[in-house]
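Asker: Okay, sequence plus prediction incoming.
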Amino acid sequence: MPYVKKIFYIQFSLDLISGAFLVLSSWTIFATTGSLLLTGLYVSLGFVPSLVANLYVGAIVDRRDSKKMIQIAIIVIAIALLNTLFSFQMDTIYVLYISQMLLQLGGSIFRPSVQVYMTQLFEHDQLPYLYTKSASISIFGGVVGTFIASQLIDYSNISILLLMLCCIAITLAITYTLPNTVQAKTQIQTTIHQDLKDGFRYIKSKPIFWKLFVILGSGQVITHCTTGFLAAYTYETFANNATVYGYLQVILTIGGISIGLCSKKFITKLNNILSHIAFSLLSLALILCVFSKSYIVIGISLFLIGLLTTWIRSHFQAVQQMHTATGFNGKMASFRMIINQGSVVCISPLLGVIASVIGTNYIFLILAVISTASYFLIRNMYSISVDNV
């Protein structure tokens with residue numbers, strides 16, 4: 001599979017940038033203002049351009065060259081970082097807000113573009129393996145970026161960190177080389193809004209997509225809520241032990257990365273097994289986090305959560321793309337991203353309120369209910385094998 005390493009390198013680099021910038025910006029805003037409200041607004045507002053842009057990006061990707069759209073995404077991210085580097089000392093808070101929105105916009109362009117590009121470049125039977133590898137590499141890139149940023153912030157070398165991130169983005173933009181894909185060239189005779197209407201009609205005619213969106217949305221909510229509430233969970237369960245939190249976060253991350261380190265043959269076998277037990281095993285791991293106080297049990301549970309949520313998101317993304325007709329891949333990817341991000345935005349605050357009333361550990365019980373409900377709602381999905389596509 002030529003060029004796949006270049007695609008993975010781009011993904012790794014962009015997720016490294018995203019992870020590092022999130023740490024840098026969140027720390028700077030809180031250190032500068034001391035306001036949890038402004039810090040929370042920063043995270044929430046970062047989703048605004050994504051939610052708006054996702055609606056149109058998919059239609060644009062389907063109409064344009066996905067390779068060029070990837071390059072545009074890299075350029076947008078580079079502009080965001082350059083804006084931060086040269087304006088950082090002026091109005092720091094506003095600069096970071098604007099830059100974060102641009103970064104999210106670049107990410108919203110990149111993700112559906114690279115998925116459409118991979119669909120056009122590789123055979124369909126290769127997509128489950130490639131998507132699984134891609135998800136693990138993205139997680140690893142974010143971890144590396146987070147680690148680098150945390151170390152440089154400790155030494156107050158924010159300017160060095162920004163310069164480093166700018167160099168990575170500019171290098172990607174300048175040295176960007178990927179092959180052209182073989183796709184039919186048709187004359188565009190409809191507007192973007194007409195394309196969106198066609199996309200909604202296409203979803204309506206294919207009930208399988210709603211079930212896939214439920215699976216992927218559930219996986220996204222469980223992933224983000226586990227990561228987001230893990231610090232508070234550790235604080236309550238292990239009496240504010242920062243060291244334990246660090247270990248648990250690493251274990252959760254290793255679980256997400258580990259599946260991507262496996263061979264193609266092993267991942268194919270694993271797909272056949274997990275297709276039947278993934279949600280059941282995930283629900284069990286989440287329930288163990290509710291009631292167990294054992295370091296070992298919770299560690300194993302978090303490893304399984306990381307592994308299974310990564311598999312669910314990557315495997316069923318591949319299934320979705322493989323069931324999507326040519327010309328609709330970008331729109332379906334964007335619709336999925338809207339549902340994923342919207343689910344996290346809506347459910348996370350609700351879980352925060354519940355946690356403040358009955359305890360953080362019961363968040364995992366609610367997530368287990370979501371996992372179990374998703375399984376029963378879409379259980380006939382498990383009869384769909386990638387070999388039958």
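Answerer: Cool, got the structure.

Asker: CA atoms for contacts and neighbours, from now on please.
Answerer: Fine.

Asker: so what's residue 74 closest to, chain neighbours aside?
Answerer: residue 173 (6.0 Å; Cα to Cα, 6 or more residues apart in numbering).

Asker: quick one, what contacts the one you found?
Answerer: With contact set as Cα atoms under 8 Å, 6 or more residues apart in numbering, residue 173 has these partners: 71, 74, 75, 78.

Asker: Check which element follows the strand or helix carrying it along the chain.
Answerer: Element membership of residue 173, judged by DSSP states H and E, is helix 158-174. Next in sequence after helix 158-174, counting helices and strands by DSSP H and E, comes helix 192-205.

Asker: Could you identify the helix or strand that succeeds that next one?
Answerer: helix 207-237.

Asker: which strands and helices sit next to that next one?
Answerer: Identification of packing neighbours for helix 207-237 by 3 or more Cα pairs under 8 Å, 6 or more residues apart in numbering; DSSP states H and E yields helix 242-258, helix 295-323, helix 329-358, helix 361-377.

Asker: buried sites along the helix holding residue 173?
Answerer: 158, 161, 162, 163, 165, 166, 168, 169, 170, 172, 173 (16 or more other Cα atoms under 10 Å).

Asker: Give me the pLDDT for the last one.
Answerer: So the one you mean is residue 173. As predicted, residue 173 sits at a pLDDT of 83.

Asker: same thing with the second one?
Answerer: In this model, residue 161 is scored at 81, pLDDT.

Asker: Is it in contact with residue 149, as I believe?
Answerer: Yes - the criterion here is Cα atoms under 8 Å, and residue 161 meets it with residue 149 at 6.9 Å.

Asker: in the protein, what secondary structure element scores lowest on mean pLDDT?
Answerer: helix 36-45 (a mean of 62; mean pLDDT, DSSP states H and E).

Asker: From the contact counts, what lies against whatever helix or strand comes next after it?
Answerer: Per DSSP H and E, the first helix or strand lying C-terminal to helix 36-45 is helix 48-63. Applying 3+ Cα pairs under 8 Å, 6+ apart, one finds that helix 48-63 makes contact with helix 92-121, helix 192-205, helix 329-358.

Asker: now the last one, how far from the centre of its chain.
Answerer: Read it as helix 329-358. 12 Å (Cα atoms, centre = their mean, to the nearest Å).

Asker: Taking helix 92-121 as reference, get the angle to it.
Answerer: Going by axes from the mean of the first three to the mean of the last three Cα atoms, to 10 degrees, helix 329-358 is angled at 130 degrees with respect to helix 92-121.

Asker: repeat for the shortest one
Answerer: Per the same axes, to 10 degrees, the angle that helix 192-205 makes with helix 92-121 is 60 degrees.

Asker: helices and strands around helix 192-205, which ones?
Answerer: helix 48-63, helix 329-358.

Asker: what distance separates that helix from the centre of its chain?
Answerer: For helix 192-205, the distance to the chain centre is 24 Å (Cα atoms, centre = their mean).

Asker: Over to the first one?
Answerer: Computed by Cα atoms, centre = their mean, the separation of helix 92-121 from the middle of its chain amounts to 11 Å.

Asker: Over it, what's the mean pLDDT, rounded is fine.
Answerer: pLDDT averaged over helix 92-121 gives 83.

Asker: With the last one instead?
Answerer: In this model, helix 329-358 has a mean pLDDT of 78.

Asker: so what does that helix touch, helix or strand wise?
Answerer: Using 3+ Cα pairs under 8 Å, 6+ apart, helix 329-358 sits against helix 48-63, helix 92-121, helix 192-205, helix 207-237, helix 295-323, helix 361-377.

Asker: Likewise for the first one?
Answerer: Other elements packing on helix 92-121 under the criterion 3+ Cα pairs under 8 Å, 6+ apart are helix 4-33, helix 36-45, helix 48-63, helix 66-87, helix 329-358.

Asker: hmm, try it at 6 Å
Answerer: For helix 92-121, the helices and strands in contact under the criterion 3 or more Cα pairs under 6 Å, 6 or more residues apart in numbering; DSSP states H and E are helix 48-63, helix 66-87, helix 329-358.

Asker: Kindly indicate which of the contacts of residue 173 lies nearest residue 93.
Answerer: residue 78 (19.0 Å; Cα to Cα).

Asker: Can you name the residues that contact the closest one?
Answerer: Residues in contact with residue 78 (Cα atoms under 6 Å, 6 or more residues apart in numbering) are 169, 170.

Asker: how near is it to residue 300?
Answerer: Distance, residue 78 to residue 300, using Cα to Cα, to the nearest Å: 39 Å.

Asker: measure residue 87 to residue 281 for me?
Answerer: 48 Å.

Asker: wait, doesn't residue 131 sit right on residue 312?
Answerer: No - counting by Cα atoms under 6 Å, residue 131 does not reach residue 312; the two are 10.7 Å apart.

Asker: Quick check: can you list the domain ranges of the protein?
Answerer: Listed domain ranges for the chain are 1-176, 198-389 (source: automatic domain parsing).

Asker: who wins for proximity to residue 191 among these?
Answerer: domain 1-176 (9.6 Å).

Asker: can you give me how far that closest one is from the chain middle?
Answerer: That offset, for domain 1-176, works out to 11 Å (Cα atoms, centre = their mean).
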